[in-house]
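Chemist: I need the structure of the sequence given here:
(one chain, ligands or ions: 1)
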Amino acid sequence: MADFDPVTKAVVPAAGLGTRFLPATKATPKEMLPIVDKPAIQYVVEEAASAGLLDVLMVTGKNKRSIEDHFDRAYELEDVLEAKGDEHRLSQVREPASLATLHYVRQGEPKGLGHAVLCAKQHVGDHPFACLLGDDLIDRRDPLLQRMIEVRGAYGGSVIALMEVPREQVSLYGVATIEATGEDDVVKVVDLVEKPPVEEAPSNWAIIGRYVLDPEVFAVLEETPPGRGGEIQLTDALRTLAGRDADKGGPVHGVLFRGRRYDTGDKLDYLRTVVKFAADRPDLAPDFLPWLREFLDEIG
Ligand code: UTP
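Modeler: Below is the predicted model:
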């Protein structure tokens, strides 16, 4: 195995406008919408921490305060809970601040995911790093990020996560042209296209919100003009890297993900996520599931 620089930092872009979830996202970042009783972004930070990434940089935007507050201590609230002797809630309130060392950088204008990643350049430096989208959840039972870090360790370059989607949905995603490697769940990415029309999509393998990126991505992003939607697209930068040799920041590999993933920035997927997470909760499921069955019967 080649000896590549280890991945220790995570970047979580959370500065998008969240227009698909208006009006809720007018004053609240979509990453702060609760999935049962925790904001989506807490699950994302938990995932980074459980992959060993304890240095997490959030790229935030205009409505950043609630994210920072959530991952900070809340002494007044803690004092009240302490006085009541409510240890359980006290530990829930303290948990977010103890998951990782959080850093923040602000993306002045939401100029696209690629631009958000570029805002992490100074903090990340010349090391590979993980990038986890703050509204995209991967089920904790499906250790995708660990696998991606392993793949980076073996092949160098950058690694993206690919998920097979129904043909009619390809135009919602970046889509990859892939080639087999000797490994079942790893492919070489030959080309990428952001949100192609259905008839032009090169495959049904869509990019989902987990990346392990070579630091060369920063230099490429600096040269990447605005693409689809007038935004600087991470997909366009990865496309450039996919065509490069190892000494210039390439190649790009894909891990084929066949697990559970939830796009909480989409209203319908958000509803599914809340129901699924509630159904998995031992403290809620015994009451929630019988109610849900009855409700479904009632509405036919
Ligand atoms: P999305 O593609 O979901 O875009 O961003 P969006 O603008 O946030 O949401 P919609 O489509 O208008 O509803 C994917 C990820 O990239 C971040 C988002 O916060 C999200 O985690 N992002 C996007 C930024 O940080 N900055 C940007 O300029 C754009």
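Chemist: and this protein, which residues reach the ligand?
Modeler: Where the chain comes near the ligand, counting by C-beta under 6 Å from any ligand atom, the residues are 13-21, 59, 107, 110-113, 115-116, 133-135, 265. For the C-beta atoms, the positions are set from N, CA and C on the backbone; glycine is no exception.
Chemist: show me those that map onto strands.
Modeler: Among the residues of the chain next to the ligand, the members found in strands (DSSP state E) are P13, A14, V59.
Chemist: got those residues as TSV, with neighbour count, pLDDT and distance to F295 columns?
Modeler: As requested, these are exported to TSV (neighbours: other C-beta atoms under 10 Å; pLDDT from 0 to 100; distance: C-beta to C-beta, whole Å):
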residue	neighbour count	pLDDT	distance to F295
P13	28	97	36
A14	27	95	33
V59	26	97	39
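Chemist: can you give me the strands for the stretch 201-300 of the chain?
Modeler: Listed in chain order, the strands found in the stretch 201-300 of the chain under DSSP state E, counting those that start in this stretch are 205-213, 252-256, 261-263.
Chemist: need these in CSV with mean neighbour count and mean pLDDT, can you?
Modeler: Written out in CSV, the entries for these read as follows (neighbours: other C-beta atoms under 10 Å; pLDDT from 0 to 100):
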stretch, mean neighbour count, mean pLDDT
strand 205-213, 24, 98
strand 252-256, 24, 98
strand 261-263, 20, 96
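Chemist: and I35, which of those is closest to it?
Modeler: Each of these has some distance to I35 by C-beta to C-beta; the shortest is strand 261-263, at 7.9 Å.
Chemist: quick check, central residue of this protein?
Modeler: L133 (2.4 Å; C-alpha atoms, centre = their mean).
Chemist: next, give phi and psi for that one.
Modeler: Comment: the main-chain dihedrals of L133 come out as phi -70, psi 130, following degrees, to the nearest 10.
Chemist: OK, contacts around the closest residue in space to it that isn't next to it in sequence?
Modeler: Ranked by C-beta to C-beta, 6 or more residues apart in numbering and with sequence neighbours excluded, the top spatial neighbour of L133 is G209, at 3.1 Å. G209 makes contact with L132, L133, D135, D136, A161, D263 under the criterion C-beta atoms under 8 Å, 6 or more residues apart in numbering.
Chemist: tell me which stretches of this structure form helices.
Modeler: Listed from the start of the chain, the chain has helices (DSSP state H) covering 40-50, 65-70, 75-84, 87-98, 113-118, 121-124, 144-155, 216-223, 234-242, 267-279, 285-299.
Chemist: okay, the residue nearest to the centre of the chain and A154: tell me how far apart.
Modeler: Computed as C-beta to C-beta, to the nearest Å, the L133 to A154 distance reads 24 Å.
Chemist: if any of the residues of the chain next to the ligand are buried, put those into a PyMOL selection.
Modeler: Applying 16 or more other C-beta atoms under 10 Å to these leaves a buried subset, and the PyMOL line that selects it is:
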select buried, resi 13+14+15+16+18+20+21+59+107+110+111+112+113+115+116+133+134+135+265
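Chemist: V255 versus P166, what's the distance?
Modeler: With distances defined as C-beta to C-beta, the gap from P166 to V255 amounts to 20 Å.
Chemist: brain fart, V117
Modeler: Using C-beta to C-beta, we find V117 at a distance of 19 Å from V255.
Chemist: wait, S50 touches R140, no?
Modeler: Yes: contact status for S50 versus R140: in contact at 7.2 Å, counting by C-beta atoms under 8 Å.
Chemist: let me see the contact set for the closest residue to the ligand within the chain.
Modeler: The ligand sits closest to G16 of the chain, with a gap of 1.8 Å, by C-beta to the nearest ligand atom. By C-beta under 8 Å, 6+ apart, the contact list for G16 reads K30, G61, P110, L113, A116, D135, G265.
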